[in-house]
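J.: sequence and predicted structure are below.
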Amino acid sequence: RDSGSEQRGDEDDIPLGPQSNISLLDQHQHLKEKAEARKESAKEKQLKEEEKILESVAEGRALMSVKEMAKGITYDDPIKTSWRAPRYILGMSEARHDRVRKKYHILVEGEGIPPPIKSFKEMKFPAAILRGLKKKGIQQPTPIQIQGIPTILSGRDMIGIAFTGSGKTLVFTLPVIMFCLEQEKRLPFSKREGPYGLIICPSVTSFVSAAGAGSFFFYCRLLQEDGLPPLRCALCIGGMSVKEQMETIKHGVHMMVATPGRLMDLLQKKMVSLDICRYLALDEADRMIDMGFEGDIRTIFSYFKGQRQTLLFSATMPKKIQNFAKSALVKPITINVGRAGAASLDVVQEVEYVKEEAKMVYLLECLQKTPPPVLIFAEKKADVDAIHEYLLLKGVEAVAIHGGKDQEERTKAIEAFRDGKKDVLVATDVASKGLDFPAIQHVINYDMPGEIENY
């Protein structure tokens, strides 16, 4: 009997004999369902395979110029520059460099990483630039500048992960000014020549608010006052007249700040040429890709004629950006500077399993665990509104923000929450990108965000 039951165990899949109490029709249905499930999984498998192939093709479609693709040129080594760190800093041990990075919460990845430098003077900037920094009240470099500026001056490709307000604008503006100055001294730019350095940002406001364009003109003027050759910078951004922008370009430009749309337009009309461009910085790369500029940027890359130094700045590092960077950069160095002190934050994470219909009631229990302020995140706008309404009914001082509300409403809600007039802010992760509330002790995720970056 034992061996019989063992045998039957093996043949469990075949509903015979022992299942004689099940009608043949049901048995047939059972087998049919099994076959369907197998078929389905095969189909899914095929779809997954196809997705994988497409993804690898996208990754492999390197960001190169047409000429490079045609000739099969690939670059294995970074660009060489004439800048060297001071000898005594180069003579210091790697352990000392690591201590500096640890102190400033700088995470670095890559091979042959240049040393971190803690003062602008040691970065070998001319007196005019040091005076300019002093005028602007900038005494000491910020963490991203300590590691980022030496990396760029060394000619390395770089991925900078830093938030707004981290001082990243100086990281790509000061080195490009130095490189352009070197080129101008060697051989002055003639008419219609340039740019040598190109900075692409998603929108006019993002760069102007970072005072990027302003700082170009400011430092170039100071250098000129010190008897150095004048450097010209052009703005190629939507919403400004092309005629004005072309006036500067006609005289030859050293640097250009552009938005993807306008630059594409000027390149296609052959009004701008990237023949001698050797320095490219993409600011807020994650936002540009979110805004659908990836295709434009790929096209812009195809206009380059030689190897260039590429810098990519982004607040987060989603998969899309990683693929993008893989195909565009040569042996990049990744510098990650979270919010100051983010590395030392103690976060207790609790996961609660709650049935969908019981979530709302359970929210109130969770709110009582800590004193306000509390942030609640939900994926859908409808959920944000429902939670907001429920909390108000229960007498909780709450405000809500999501993409469906107009800018004024959102600003009012954020200010009320920040000033402590309201205890709870309910938001979608999209609406809250780039906001910072230092006093928060408690965050509730109503559902898990789709992207781990958002979490």
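T.: On my side now, so go ahead.
J.: show the pLDDT at residue 346.
T.: Residue 346 is assigned a pLDDT of 64 by the prediction.
J.: try residue 418
T.: With respect to pLDDT, residue 418 has a value of 87.
J.: residue 374 versus the closest residue in space to it that isn't next to it in sequence, what's the distance?
T.: Sequence neighbours aside, residue 437 is the residue nearest to residue 418 in space, at 6.6 Å (criterion: Cβ to Cβ, 6 or more residues apart in numbering). Just so you know, the C-beta spots here come from the backbone N, C-alpha and C atoms, and that holds for glycine as well. Here the distance between residue 437 and residue 374 works out to 10 Å (Cβ to Cβ, to the nearest Å).
J.: shared neighbours of those two, anything?
T.: residue 425 (Cβ atoms under 8 Å, 6 or more residues apart in numbering).
J.: which one's more surrounded, these two?
T.: Neighbours were counted for residue 437 and for residue 374 using other Cβ atoms under 10 Å; residue 374 has more, 22 against 13.
J.: test my guess that that one contacts residue 364.
T.: No - applying Cβ atoms under 8 Å as the test, residue 374 and residue 364 come out as separate, 11.3 Å apart.
J.: in the stretch 301-450 of the chain, which spans are helices?
T.: 319-328, 359-367, 381-393, 407-418 (DSSP state H, counting those that start in this stretch).
J.: okay if I get those as TSV plus mean neighbour count and distance to residue 161?
T.: Output for the helices of the stretch 301-450 of the chain, formatted as TSV (neighbours: other Cβ atoms under 10 Å; distance: least, Cβ to Cβ, whole Å):
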stretch	mean neighbour count	distance to residue 161
helix 319-328	18	9
helix 359-367	15	31
helix 381-393	17	28
helix 407-418	15	25
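J.: can I get the ones you listed in TSV including distance to residue 135?
T.: What follows is the helices of the stretch 301-450 of the chain, written out as TSV (distance: least, Cβ to Cβ, whole Å):
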stretch	distance to residue 135
helix 319-328	35
helix 359-367	49
helix 381-393	45
helix 407-418	31
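J.: quick one: closest of the ones you listed to residue 181.
T.: Closest to residue 181 of those is helix 319-328 (Cβ to Cβ; 26.0 Å).
J.: what's the offset of that closest one from the middle of its chain?
T.: Chain-centre distance of helix 319-328: 10 Å, with Cα atoms, centre = their mean, to the nearest Å.
J.: how about stretch 268-287?
T.: Its chain's average C-alpha position is 18 Å from that of stretch 268-287, according to Cα atoms, centre = their mean.
J.: straight-line length of that stretch, end to end?
T.: 24 Å (Cα to Cα, to the nearest Å).
J.: cool, and stretch 371-381?
T.: Span of stretch 371-381 from end to end, Cα to Cα: 26 Å.
J.: which residue is nearest the centroid of the protein?
T.: For the chain, the residue nearest the mean C-alpha position is residue 314 (2.5 Å; Cα atoms, centre = their mean).
J.: can I assume residue 108 sits in a strand?
T.: Yes - the assignment for residue 108 is a strand, going by DSSP: H, G, I helix; E, B strand; the rest coil.
J.: that one reaches residue 100, doesn't it?
T.: No - the pair residue 108 / residue 100 is not scored as a contact, 10.7 Å apart, by Cβ under 8 Å.
J.: okay, domains of the protein per the record?
T.: 2-60, 66-343, 346-445 (automatic domain parsing).
J.: for residue 454, find the nearest of the ones you listed.
T.: Minimum separation from residue 454 across those (Cβ to Cβ) falls at domain 346-445, 4.3 Å.
J.: so where's the stretch 151-300 of the chain shaky on pLDDT?
T.: Where the stretch 151-300 of the chain drops to pLDDT under 70, the residues are 164-165, 203-214, 239.
J.: how about the strands in it?
T.: For the stretch 151-300 of the chain, the strands defined by DSSP state E, counting those that start in this stretch cover 158-162, 197-200, 233-236, 255-258, 279-282.
J.: distance to residue 115 for those - can I get that in JSON lines?
T.: Converted to JSON lines, the strands of the stretch 151-300 of the chain look like this (distance: least, Cβ to Cβ, whole Å):
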{"stretch": "strand 158-162", "distance to residue 115": "15"}
{"stretch": "strand 197-200", "distance to residue 115": "24"}
{"stretch": "strand 233-236", "distance to residue 115": "30"}
{"stretch": "strand 255-258", "distance to residue 115": "27"}
{"stretch": "strand 279-282", "distance to residue 115": "22"}
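J.: ok, residue 121 to residue 53 distance?
T.: 53 Å.
J.: with residue 128 instead?
T.: 54 Å.
J.: which of the two has more neighbours?
T.: Neighbour count, other Cβ under 10 Å: between residue 128 and residue 53, residue 128 has more, with 18 against 10.
J.: just the CA coordinates for the helix or strand encompassing that one, please, in CSV.
T.: Using DSSP states H and E, the element containing residue 128 is helix 127-135. The C-alpha trace of helix 127-135 is given here as CSV (Å, rounded to 0.1, in the frame of the first residue of the first chain):
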residue,chain,number,x,y,z
ALA,A,127,43.3,85.7,-8.6
ALA,A,128,40.4,87.3,-10.5
ILE,A,129,38.2,84.2,-9.9
LEU,A,130,39.2,84.0,-6.2
ARG,A,131,38.2,87.7,-5.8
GLY,A,132,34.9,87.0,-7.5
LEU,A,133,34.2,84.1,-5.1
LYS,A,134,35.0,86.3,-2.2
LYS,A,135,32.6,89.0,-3.5
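J.: many thanks, I have nothing further to ask.
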